[in-house]
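Peer 1: Below are the sequence and a predicted model; questions follow.
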Amino acid sequence: MSGLEAEAQLRTRIAMWGRSLFARGFTVGSSGNISVKLEDGFLVTPTNSCFGFLDAARISKLDQDWRHVGGDAPTKELPLHRAFYEARPATGAVVHLHSTYATALSCLADVDPEDAITPITPYVVMRVGRVPVLPYTAPGSADVAPLVAARAGAHAAVLLANHGPVVAGTSLDSAVFAAEELEETAKLLVITRGLAVRSLDQGQIDQLNARFALK
Ligand SMILES: O=C(O)[C@@H](O)C(=O)COP(=O)(O)O
Ligand SMILES: [Zn+2]
């Protein structure tokens, strides 16, 4: 497949996943952003765009130095996305959402900032891994970049404090699947708060990591 064909397919898939995430309530209004790596740069969702109504042809294109070269004006979160690609060279896509339960956890003062998503099911260990909370920065601020740089080598997913989740994956599909799994696990954690929850133990987590290593 040529680079142009690959780009056309990825544009279609960003719009398709956007519609699907919006329809299922994983993001609302114009919140959230998606980026995907291309052979010659990146595709990113336009700033102030609604995931439910993305026009594949107007998705922003950036060159390899993150300069805007086509489509609508890009998301203001370029420093956030860029920091993931730089810290995790295998990254093929990054998804940021304001999904309700993960965002709720990002606002709780008593969540462990090193391990915000308690490993209560195998799938969250396999798809998401351990999730730290990064200190609050204003949306669009470049101040987030060093915070991501410090943590994203070891973590494919983070919660931005009082803001929401960000997930990197080797492909768009894997980043979306991980963002969905993170949100569903956050929901389980919120609805079981105050109950005697049994998490997986370290031996069970090690066994999953050995068999299903996250990239
Ligand atoms: O929370 C924010 O403002 C951004 O992180 C966001 O989710 C949407 O920003 P744009 O992608 O610039 O619309
Ligand atoms: Zn946001």
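Peer 2: Perfect, I can see it now. Ligands and ions are numbered 1, 2, ... in the order given.

Peer 1: SS state for the residue nearest to V125 when sequence neighbours are not counted?
Peer 2: Leaving out its chain neighbours, the residue that sits closest to V125 by Cβ to Cβ, 6 or more residues apart in numbering is L208, at 4.6 Å. No exception for glycine: its C-beta is placed from N, CA and C like everyone else's. State at L208, reduced to three classes by DSSP: H, G, I helix; E, B strand; the rest coil: helix.

Peer 1: residues from the chain in reach of ligand 1?
Peer 2: Neighbours of ligand 1 within the chain, by Cβ under 6 Å from any ligand atom: 30-33, 47-48, 75-77, 96, 98, 139.

Peer 1: G169: what's its closest spatial neighbour, skipping adjacent residues?
Peer 2: Nearest one to G169, counting by Cβ to Cβ, 6+ apart, is A175 at 3.1 Å.

Peer 1: Ignore what I typed, I meant W17.
Peer 2: Once flanking residues are discounted, W17 sits nearest to V176: 5.2 Å by Cβ to Cβ, 6+ apart.

Peer 1: can I get the residues of the chain next to ligand 1 in TSV with secondary structure and pLDDT?
Peer 2: TSV is the format used below for these (DSSP: H, G, I helix; E, B strand; the rest coil; pLDDT from 0 to 100):
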residue	secondary structure	pLDDT
S30	coil	98
S31	coil	98
G32	coil	98
N33	strand	98
T47	coil	98
N48	coil	98
T75	coil	98
K76	coil	98
E77	coil	98
H96	strand	98
H98	coil	98
P139	coil	98
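
Peer 1: Which single one of those is nearest to A23?
Peer 2: G32 (13.3 Å; Cβ to Cβ).

Peer 1: so who does the closest residue to that closest one other than its chain neighbours touch?
Peer 2: Spatial nearest neighbour of G32, excluding adjacent residues (Cβ to Cβ, 6+ apart): L97 at 4.7 Å. Applying Cβ atoms under 8 Å, 6 or more residues apart in numbering, we find L97 in contact with 21, 26-27, 31-32, 164-165, 179, 183.

Peer 1: most neighbours, which of the residues you listed?
Peer 2: Within those, most neighbours by other Cβ atoms under 10 Å means A179, with 32 neighbours.

Peer 1: helix, strand or coil for that residue?
Peer 2: Secondary structure, three-state DSSP: A179 is helix.

Peer 1: Could you measure from V167 over to Q207?
Peer 2: Going from V167 to Q207 by Cβ to Cβ, to the nearest Å gives 23 Å.

Peer 1: Those two - which one has more neighbours?
Peer 2: V167 (29 against 14).

Peer 1: okay, the more buried one: pLDDT?
Peer 2: On pLDDT, V167 comes in at 98.

Peer 1: Doesn't it lie inside a strand?
Peer 2: Yes. Looking at V167 with three-state DSSP, it is inside a strand.

Peer 1: Please tell me how far the closest residue to R151 other than its chain neighbours sits from G194.
Peer 2: Using Cβ to Cβ, 6+ apart and skipping the chain neighbours, the partner closest in space to R151 is P132 (5.5 Å). Noted for P132: a distance of 23 Å to G194, by Cβ to Cβ.
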